[in-house]
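Enquirer: Structure for this input, please:
(2 chains)
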Amino acid sequence: MSSSGRLIPFAYHDGATNMAIDEAIVSAVAGNAVPPTLRFYGWSRPTLSLGYFQAADEAGDWAGEPVDLVRRSTGGGAIMHHRELTYSLSLPLADTGPGARQAVYRSVHACVIDTLKGLGVTAAAYSDVPARAFRSETVIPSKESRAPSDGLLPSRKQPREPFLCFQRRTDEDLICSGYKILGSAQRRVRGGVLQHGSLLLQVSCHADVLPGVADLAEIEIDPIAISQSIADGIAETMTLDWQSGELSAAERDHSVSIRANRYAAADWTRRR
Amino acid sequence: MSRDSKQLRYAETHEWVDVAEENGERIATIGISKFAIEALNDLVYMDLPEVGRKLAIGDEFGEVESVKAVSPLYSPVAGEVVAVHTELPDNLEGLNEDPYEFGWILKVKLDGEPAETLMDHATYEKQCAQAG
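Expert: As a prediction, the model looks like this:
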């Protein structure tokens, strides 16, 4: 029997608001104040989101006018939110073990694989790609020469992992034609988990080394339509019955406070 | 001499605790269990608390990142942080090699008893076995 879930209608917000809403939601979900919640959203301005532990000065010339900068609560590498689709899934999760964590990654990514398959696009988890096109430290070449390469991008500081999420590889990442097109990351809280994910749709002029799935498959992708298909898949996989719903008044108030104190605060964004 | 994991107590959230007398004070040394470190697979970042911070049982005292997941670390004791292992965040591979000696994270001057829910080694191992 399905249990109730909440599907927040697609909307555009600035980066700080998006991050604050997600934190308010997972807090409410973990406290059993609201049901499991799925949200797809856009960004009102191109925004570079840093992984929680990334150093702000690594953003270098990726961020800056007209690209906003925000720090996520979730791990992993930086994402250029421009021509991509972002989701957040907040679930109650008492299990503190890593197995539960991986299960959430796999479940959602399997739904994205199925959705893309329906569009005639083949994608697979990095761990399932027989001859891995790239090693984890490999940097994707520029769009002018999209062939697998070990070359490093010039004039970017090279930390121990590539700065951008889509230049990294972990087992659950989705790969299409040798390129990473979907990456997700998590934040565990007491009694719950927030999973962020980004499906790269098209190459962005602000990160033109990263082709999107529409570029690779040479098709048009409607973000709203694909969101609904992925939501349907998650509902089936997790036996949830999505009901369209808005934030509660408490979540809205909490998100305003979180936004002011964390995600819109320059000293918090640049705390590392 | 390395700390004996069988003599430690463990939180459900995989922190270990070693309480000992040091200079007339009851000091709890806290770390993360070998099971958790192996299960987390690849710790890449760790945040530590500041010395002097007051902790209640269940407070978050730090955060770690593994496979793009940020997870809080919870204090199994109440008291004041009197030492943190500042070398650890830059040497996380040492956690795998020696989680109970090199892998200590912080020392807390106890204010009261540790959490009643702490488990002995045998009980903790059963929890880990059930978690797979």
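
Enquirer: Strands of the stretch 101-250 of chain A, start to end?
Expert: A:124-125, A:174-176, A:179-189, A:192-200, A:240-244 (DSSP state E, counting those that start in this stretch).

Enquirer: how about those in JSON lines, adding mean neighbour count and distance to chain B?
Expert: Every C-beta, even on glycine, is put in place using the N, C-alpha and C of the backbone. Output for those, formatted as JSON lines (neighbours: other Cβ atoms under 10 Å in any protein chain shown; distance: least, Cβ to the nearest Cβ, whole Å):
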{"stretch": "strand A:124-125", "mean neighbour count": "16", "distance to chain B": "13"}
{"stretch": "strand A:174-176", "mean neighbour count": "23", "distance to chain B": "14"}
{"stretch": "strand A:179-189", "mean neighbour count": "25", "distance to chain B": "4"}
{"stretch": "strand A:192-200", "mean neighbour count": "25", "distance to chain B": "8"}
{"stretch": "strand A:240-244", "mean neighbour count": "14", "distance to chain B": "21"}
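
Enquirer: does residue A:116 really touch residue A:122, like I thought?
Expert: Yes - under the criterion of Cβ atoms under 8 Å, residue A:116 makes contact with residue A:122 at 7.4 Å.

Enquirer: Looking at the two now, which is surrounded by more residues?
Expert: More crowded of residue A:116 and residue A:122, by other Cβ atoms under 10 Å in any protein chain shown: residue A:116, with 25 against 11.

Enquirer: Not counting sequence-adjacent ones, nearest residue to residue 106?
Expert: Because you didn't say which chain, this covers chain A. residue A:172 (6.2 Å; Cβ to Cβ, 6 or more residues apart in numbering or on different chains).

Enquirer: that's the wrong chain, I meant chain B
Expert: Leaving aside its chain neighbours, residue B:106 sits nearest to residue B:84 (4.8 Å; criterion: Cβ to Cβ, 6+ apart).

Enquirer: now that neighbour: how far from chain A?
Expert: Distance, residue B:84 to chain A, by Cβ to the nearest Cβ, to the nearest Å: 17 Å.

Enquirer: contacting residues for that residue?
Expert: By Cβ atoms under 8 Å, 6 or more residues apart in numbering or on different chains, the contact set of residue B:84 is B:48, B:49, B:50, B:51, B:105, B:106, B:107.

Enquirer: which of those residues tops the neighbour count?
Expert: Most surrounded of the contacts of residue B:84: other Cβ under 10 Å gives residue B:106, at 25 neighbours.

Enquirer: My guess is that one contacts residue B:86. True?
Expert: No - counting by Cβ under 8 Å, residue B:106 sits too far from residue B:86 to count as a contact (10.2 Å).

Enquirer: Good, we can wrap up now.
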